[in-house]
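> Next input, structure requested:
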Amino acid sequence: MRVFITGASGHVGSALVPELLHNGHQVLGLARSDESAQLLTSWGAEVVRGDLDDLDRLRAAAGAADGVVHLAFRHDAMMAGDLAAAAESDLAALQAIGDVLAGTDKPLVSTSGTGMLAGVVHDRVATEEDYDPNGGYRIDAENFVVDLAGKGVRSSVLRLPPITHSRLDHHGFAPALISFARSNGFSAYIGDGTNRWSSVHTLDAARLYRLALESAPAGSRLHAVQDEGIEFRVIAEAIGRGTGLPARSVSAEEAAQYLGFLSRFATMDIPTSAARTSELLGWQPTHPDLLADLAEGFYFQENQTEN
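Residues are numbered from 1 along each chain as shown. Take a look at the predicted model:
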């Protein structure tokens, strides 16, 4: 299959491109910079120069492919607090791709987050059947992709947990928490820190993207989850051990001061199951879990190396 990937040189993309190539697929990767283009070429992928806002380029690349995986997101806008701009760019890109794929029965695998369920699931483990019909931040994009199943697209949405971890993770929530801990002089959690986050290893997530591309039924919602729920305080304590700093509770009012853009997410309690995904696609995580990766120490080195 000839696969067009947005975000191809990013965190998950840097695992997915080799995963696809090693399993007999061809890859067209979207690259914003010369550095990203050179990286994709070194892996054996073809390069499509452009960015997420270049809708004509997205349409052309999607039309030339047998399938699409959408990983790119305006993380710069999100980290700056402009969630609306990040979400609008994401939805516009998916609409452009969806227009081209409509009526072709080609696969489109898009990306969402298990955290999007925090507003609709309470006091239980979230499942793939859960969704928010009312829309909202990133939820509009997820629902749009699922609805493409009724327009002749074999669409699926892969929800990533708050932390997708590995030696490939340089800009995700785990590095951000470590950076905040070093800046603060302690590793922060909010209140008693018993709220739970799920996680997955990058390489396991990449394999699930490939399986979804190859065989996920149209309209599927999938969960790339290994750890169903780790208490945030436990994560903060592991980061404290890695940095040699204490873990400390802060109040909800102090959260923005000590956790920056993550304060919006740090109180989420959203334990999440991937049981249906495993049953549907035969996917089972095989790589180390989050606490094992944090204990390895590579997250706390100045220069991380790839797996």
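> can you map out the helices along the stretch 1-150 of the chain?
Secondary structure of the stretch 1-150 of the chain by DSSP state H, counting those that start in this stretch: the helices cover 13-22, 34-43, 55-63, 75-79, 83-101, 139-147.
> Export the ones you listed as CSV, with columns for mean pLDDT and mean neighbour count.
Just so you know, the C-beta spots here come from the backbone N, C-alpha and C atoms, and that holds for glycine as well. Below are those laid out as CSV (pLDDT from 0 to 100; neighbours: other C-beta atoms under 10 Å):
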stretch, mean pLDDT, mean neighbour count
helix 13-22, 98, 21
helix 34-43, 96, 15
helix 55-63, 96, 18
helix 75-79, 61, 15
helix 83-101, 90, 19
helix 139-147, 95, 21
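> buried residues in stretch 68-76?
68-74 (16 or more other C-beta atoms under 10 Å).
> Out of those residues, the closest to residue 257 would be?
Nearest to residue 257 out of those is residue 74 (C-beta to C-beta; 24.7 Å).
> so who does residue 144 touch?
Contact analysis of residue 144 by C-beta atoms under 8 Å, 6 or more residues apart in numbering lists 91, 94-95, 98.
> Repeat the analysis, applying 10 Å as the threshold.
In this structure, residue 144 makes contact with 90-91, 94-95, 98, 110, 135, 155, 157, judged by C-beta atoms under 10 Å, 6 or more residues apart in numbering.
> Near residue 65, how many other residues are there?
Residues lying near residue 65 (other C-beta atoms under 10 Å) number 24.
> Next one: it from residue 1, what distance?
Using C-beta to C-beta, to the nearest Å, residue 65 is found at 8 Å from residue 1.
> Need the residues touching each of those two.
26-27, 106-107.
> Residue 27 against residue 3, yeah?
Yes. Residue 27 is in contact with residue 3 according to C-beta atoms under 10 Å; the separation is 5.5 Å.
> Can you work out which residues contact both of those two?
Common neighbours of residue 27 and residue 3 are listed as 16-17, 20-21, 45, 65, 69 (criterion: C-beta under 10 Å, 6+ apart).
> quick one, what contacts the residue lying closest to residue 260 once chain neighbours are set aside?
Of all residues not flanking residue 260 in the chain, residue 180 sits nearest, at 6.2 Å (C-beta to C-beta, 6 or more residues apart in numbering). Contacts for residue 180 (C-beta under 10 Å, 6+ apart) come out as 186-188, 239, 257-263, 266.
> do the same with residue 283
Residues in contact with residue 283 (C-beta under 10 Å, 6+ apart) are 204-205, 207-208, 210-212, 222-224, 274, 277.
> Please report phi then psi for it.
Dihedral pair for residue 283: phi -90, psi 130, per degrees, to the nearest 10.
> residues contacting the most centrally placed residue in the chain?
Centroid-nearest residue in the chain, with C-alpha atoms, centre = their mean: residue 160, separated by 4.4 Å. With contact taken as C-beta under 10 Å, 6+ apart, residue 160 is in contact with 11-12, 71, 111-115, 172, 198-200, 202, 205, 208-209, 222-225.
> ok, so what distance separates it from residue 61?
Distance from residue 160 to residue 61, by C-beta to C-beta: 23 Å.
> now residue 231
Counting by C-beta to C-beta - residue 231 and residue 61 are separated by 42 Å.
> which other residues reach stretch 240-248?
By C-beta under 10 Å, 6+ apart, the residues outside stretch 240-248 that reach it are 177-179, 181-182, 184-189, 193, 233-239, 258, 294-301.
> What is the nearest of the shared contacts of residue 27 and residue 3 to residue 164?
Using C-beta to C-beta, residue 16 comes nearest to residue 164 of the shared contacts of residue 27 and residue 3, at 11.6 Å.
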